[in-house]
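Asks: I need the structure of the sequence given here:
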Amino acid sequence: MESAKHAGDAAVAVSKAYGVETMFTLSGGHVFPLYDGAVHEEMRILDVRHEQSAVFAAEATARLTRRPGLAVLTAGPGITNGVSGVATAHFNGSPVVVMGGRAPQARWGSGALQELDHPPLLKPITKLSFTATDAESVGQDVEMAFRTAVAPHRGPVFLDFYMDHLFSSSPEHEVRTQTPSPLEPDPDDLAAIARLLAEAERPVLVYGSDVWMDRAEEAARDFAETWRLPVIPNGQGRGILPSGHELLVTRARGLAFKQADLVIVIGTPLDFRLGYGWFGSRDALARVVHIADAPSQLATHMQPAASAAGDLSVVLWSLGTACGDAGVKPDAYASWVSKLADTAAAAVADDAELLASDSDPIHPMRVYGELGKVLADDAVVIGDGGDFVSYAGKYVEPKQPGNWLDPGPYGCLGTGLGYSIAARLARPSSQVVLLLGDGAAGFSLMDVDTLVRHKLPVVMICGNNGIWGLEKHPMQLLYGYDVAAELQSQCRYDQVVTALGGGGELVTKPSEIGPALRRAFDSGIPYMVNIATDPQIAYPRNTTGV
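Replies: The predicted structure is shown next:
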């Protein structure tokens with residue numbers, strides 16, 4: 001017998017109108033009408049083992065598909081368990097709507113199960129956080145949530161519903177999905193940037209995640225190629241210029257940022273990942289241009305030489321026109337580009353020995369040397385970890401845009417399994433590779449059960465050095481000792497995966513890595529290659545993010 005229509009149906013119908021195909025959740029009675037609505041509206045329900053994974057999966061869905069993601073969390077601890085996922089979406093500018101259950105209004109204030117006023121907790125990390133007014137307003141309230149989430153600058157929205165309102169009848173809501181009008185940049189701002197470029201001798205372009213999220217990858221590639229500008233990608237800017245492109249100078253990043261006289265940063269904050277926006281040398285600071293998808297995202301902690309805000313496709317096409325008007329010459333930077341390309345090529349050549357290292361214990365770079373041999377052009381690569389995943393950022397260069405996921409500037413470990421779930425749904429025919437540090441594995445490995453139950457094959461590669469590498473080495477340097485930095489040596493995380501219904505194996509010899517990876521990709525199931533790496537090897541980083 002089919003259940004009667006109710007407010008949950010209205011919420012799900014609006015979600016579908018905004019392109020949502022999957023509801024990520026962990027079961028809870030406060031949100032049963034939303035599940036019933038998903039059944040009525042034929043929306044997929046994917047249930048996880050920890051609420052953080054539901055939000056991470058919704059966030060990764062938004063980042064991979066560039067449509068809003070949806071997570072549904074039950075009241076009280078269901079919502080507080082999802083807070084780290086919401087914070088990550090906030091820092092990544094991911095359009096995620098999180099719907100929460102709430103104790104019944106009729107019982108409010110009397111100590112009902114899991115009674116908590118959630119919106120004030122979520123307010124600092126959302127664009128909007130509120131409680132639906134009543135059963136009749138649910139459709140309208142959900143529409144406002146999605147409209148807010150997708151408007152520039154994108155980000156998460158939280159709304160919860162009183163349980164008794166969700167179970168009540170609600171009128172059908174006529175959905176008027178609104179695509180935000182492109183924000184036009186100020187022509188004077190673009191003219192100022194073009195003049196700086198015309199004066200520059202050693203410019204560098206930085207493309208960040210919002211270039212991808214704003215669907216500006218074609219405009220970004222055309223701009224770099226037209227004006228022959230070297231590019232360093234950041235976050236999901238990876239792949240906009242594919243691996244091997246002559247203008248991609250990731251491996252010359254240090255030299256580029258030190259010797260540049262102009263750095264144009266597009267679609268990413270001037271945060272710790274980019275030295276807070278300070279480039280060049282102490283004696284000769286580079287001029288900095290910051291371009292964002294909305295004025296709220298422009299840097300305020302330093303004063304760029306110029307800035308602009310707007311739809312990034314419009315910005316880049318219009319900036320190209322402004323460069324022509326300003327007399328920018330495409331061949332003006334040829335010697336600079338050549339110098340960076342030569343430096344990048346030399347770095348690649350220098351790495352060849354360690355990428356093929358036969359050292360025992362295994363050098364983590366050998367893992368990436370072997371992985372590069374088996375990665376397909378359309379593989380989705382996910383990083384969840386510290387030192388081990390830092391190598392991925394350096395040695396895994398995507399061939400296509402939109403196929404790289406990491407936690408972003410918030411640096412929250414535990415994203416990996418939720419991201420993997422979403423990636424397998426969003427890219428059903430692609431390889432999905434999750435790179436896990438052994439520390440990160442402890443946050444979310446139980447959700448391998450979710451992969452198994454929902455038949456979602458993912459290859460997991462665990463760099464297992466038995467320590468918290470990001471902490472152990474700095475503590476030793478600072479104090480001569482370390483505490484709270486040891487994990488089990490060669491812990492059998494692979495056996496956790498097999499116990500949950502997947503496959504896996506422990507690798508302790510360099511020669512075993514390649515065959516193990518091939519078995520993982522051929523298995524067709526969630527499979528972990530658990531690789532014991534040398535704990536003495538620390539990633540050579542230049543910043544701790546502080």
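Asks: Show me which residues of the helix or strand that contains I193 are buried.
Replies: Per DSSP states H and E, I193 falls inside helix 187-199. Within helix 187-199, the residues that count as buried by 16 or more other CB atoms under 10 Å are 189-197. The way it works is simple: take the backbone N, C-alpha and C, and place the C-beta from them, glycine included.
Asks: Could you tell me which residues make contact with P77?
Replies: Contacts for P77 (CB atoms under 8 Å, 6 or more residues apart in numbering) come out as Q114.
Asks: how about the buried residues of helix 187-199 in TSV, adding distance to R282 and pLDDT?
Replies: Listed next are those as TSV, based on distance: CB to CB, whole Å; pLDDT from 0 to 100:
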residue	distance to R282	pLDDT
D189	29	98
L190	31	98
A191	31	98
A192	26	98
I193	25	98
A194	28	98
R195	26	98
L196	21	98
L197	24	97
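Asks: and which of the residues you listed is nearest C323?
Replies: If you rank the buried residues of helix 187-199 by distance to C323 using CB to CB, A194 comes first, at 4.6 Å.
Asks: So, low pLDDT: which residues of this protein?
Replies: Applying pLDDT under 70 to the chain picks out residues 1-4, 541-546.
Asks: List the residues that contact R202.
Replies: Contacts of R202 (CB under 8 Å, 6+ apart): 259-262, 333, 336.
Asks: no no, Q476
Replies: Going by CB under 8 Å, 6+ apart, Q476 touches D482.
Asks: can you check the one 5 residues further on too?
Replies: By CB under 8 Å, 6+ apart, the contact list for Y481 reads M475.
Asks: Name the SS class of it, please.
Replies: With DSSP: H, G, I helix; E, B strand; the rest coil as the basis, Y481 sits in coil.
Asks: quick one: it from P68, how far?
Replies: Using CB to CB, to the nearest Å, Y481 is found at 48 Å from P68.
Asks: How about K339?
Replies: Per CB to CB, K339 is found 43 Å from P68.
Asks: Now name the helix or strand holding R518.
Replies: Assessed by DSSP H and E, R518 sits inside helix 513-523.
Asks: Would you tell me what the next helix or strand after that helix is?
Replies: Per DSSP H and E, the first helix or strand lying C-terminal to helix 513-523 is strand 527-532.
Asks: got the angle for that following strand vs helix 513-523?
Replies: Here strand 527-532 runs at an angle of 160 degrees relative to helix 513-523 (axes from the mean of the first three to the mean of the last three CA atoms, to 10 degrees).
Asks: partner strands of strand 527-532, parallel or antiparallel?
Replies: Using DSSP bridges, the neighbouring strands of strand 527-532 in the sheet come out as strand 459-464 (parallel), strand 503-507 (parallel).
Asks: Most tightly packed of those strands?
Replies: strand 459-464 (a mean of 28; mean count of other CB atoms under 10 Å).
Asks: C-alpha coordinates for that strand, PDB please?
Replies: What follows is strand 459-464, C-alpha atoms only, in PDB (Å, rounded to 0.1, in the frame of the first residue of the first chain):
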ATOM      1  CA  VAL A 459      40.600   1.000  -5.700                       C
ATOM      2  CA  MET A 460      42.100   2.100  -2.400                       C
ATOM      3  CA  ILE A 461      45.800   2.600  -2.000                       C
ATOM      4  CA  CYS A 462      47.000   3.000   1.600                       C
ATOM      5  CA  GLY A 463      50.400   4.500   2.200                       C
ATOM      6  CA  ASN A 464      51.000   2.800   5.500                       C
END
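Asks: Show residues contacting it.
Replies: Contact with strand 459-464 is made by 364, 367, 371, 385, 387-389, 391, 416, 420, 431-438, 441, 448, 490-491, 493-494, 497, 504, 517, 520-521, 526-533, as judged by CB under 8 Å, 6+ apart.
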